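Visitor: Predicted model, plus sequence, below.
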Amino acid sequence: MAREIDLSSDVLLAGHNGALDTLRSISRMIPQSDWCVIGGLMTYLVLREHSVGLTSRASQTKDADVVVEVAARSGKAVVHGLVTMGFKQLERFFDQTEGQARYHMGTTLIDVLAPDDANEADLLLSEDTVTLAAPGGRRALEVATPVTILYRSDGLAEFRVPTIGHAVVIKAAAVLDQRTAEQGRHLNDVVEMLGALDDPTIWGAAMTEYDRDLLQRISPQVEASGDLESITALELLVRSIP
């Protein structure tokens, strides 16, 4: 059974409503098992699922990041679908020969990403578009589960999102990856999600040695945040992993 997250009473940014509309469309383009939501929107959704995060940093995220099984050609299908819907690729930087898989329409921004174990050849999604491998992307695809999102007065979208415990792991990968380590929002999201865990020990049973390693490696950064609730939650979570 899908988890249910009710955003219908939240005051969402215009881009959020557009992103949820677009995610609903993506769910009809490719198999549900081939993609999931990660990034700041993932953080916001799991925080709201646990009745917190209404004014979190993640509530102001400006895009929707989706990680897609590029080896299965689903990445190419999503890019084609977005362009067909009227999305435009963001302009490339002056020194780029190929554009990234970032698309916008009005205030809605969608990033199409690959799992971090994708072959380099599979990152090419069109003749002039190369996507990026998202830290923690493979783990996100492995652990994400279905959610039903209620938004606006009549909006309903269904797709996959990691649970809050695994979302901490996915964001921990971004904290540690050299490409994203300097982006402070990832640690901020980790700290907020750890603080939202009512009982951190219940999440450990579904975690692996890979998860434990990531969580142990971010311990110094979490301790440096000074958030005692999150520091304690991380300690309990790590101990509960079999």
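Guide: Yep, that arrived.

Visitor: In the protein, where is pLDDT below threshold?
Guide: Applying pLDDT under 70 to the chain flags the ranges 92-99.

Visitor: How is this structure partitioned into domains?
Guide: With domains defined by automatic domain parsing, the chain comprises 1-162, 164-242.

Visitor: show me where the chain has strands.
Guide: For the chain, the strands defined by DSSP state E cover 3-6, 35-38, 64-68, 88-89, 99-100, 102-105, 108-115, 124-126, 129-130, 133-134, 145-151, 155-161.

Visitor: need the domains of the chain in TSV with mean neighbour count, can you?
Guide: Yep, even glycine has a C-beta here, placed from its N, CA and C like the rest. Formatted as TSV, those follow (neighbours: other C-beta atoms under 10 Å):
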stretch	mean neighbour count
domain 1-162	18
domain 164-242	18
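
Visitor: residue contacts, residue 100?
Guide: Residue 100 sits next to 90, 92, 111, 129-132 when contact means C-beta atoms under 8 Å, 6 or more residues apart in numbering.

Visitor: Show me the helices in the protein, by range?
Guide: Taking DSSP state H as the test, the helices found in the chain are 14-26, 39-49, 74-85, 137-143, 164-176, 185-195, 209-217, 219-225, 228-240.

Visitor: okay, these in CSV with distance to residue 105 next?
Guide: Shown next, in CSV, are these (distance: least, C-beta to C-beta, whole Å):
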stretch, distance to residue 105
helix 14-26, 7
helix 39-49, 16
helix 74-85, 7
helix 137-143, 24
helix 164-176, 26
helix 185-195, 24
helix 209-217, 35
helix 219-225, 36
helix 228-240, 36
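
Visitor: Identify the bridge partners of the spatially most central residue of the chain.
Guide: With distances taken as C-alpha atoms, centre = their mean, residue 38 lies nearest the centre of the chain, 0.9 Å away. Beta bridges link residue 38 to residue 65, judged by DSSP bridges.

Visitor: Surely it touches residue 111?
Guide: No: using C-beta atoms under 8 Å, residue 38 makes no contact with residue 111, being 9.3 Å away.

Visitor: which residues do the two both contact?
Guide: 65-66.

Visitor: Contacts for stretch 125-133, please.
Guide: Contacting residues not belonging to stretch 125-133 are listed as 70, 75-76, 79-80, 89, 97-101, 112-118, 123-124 [C-beta under 8 Å, 6+ apart].
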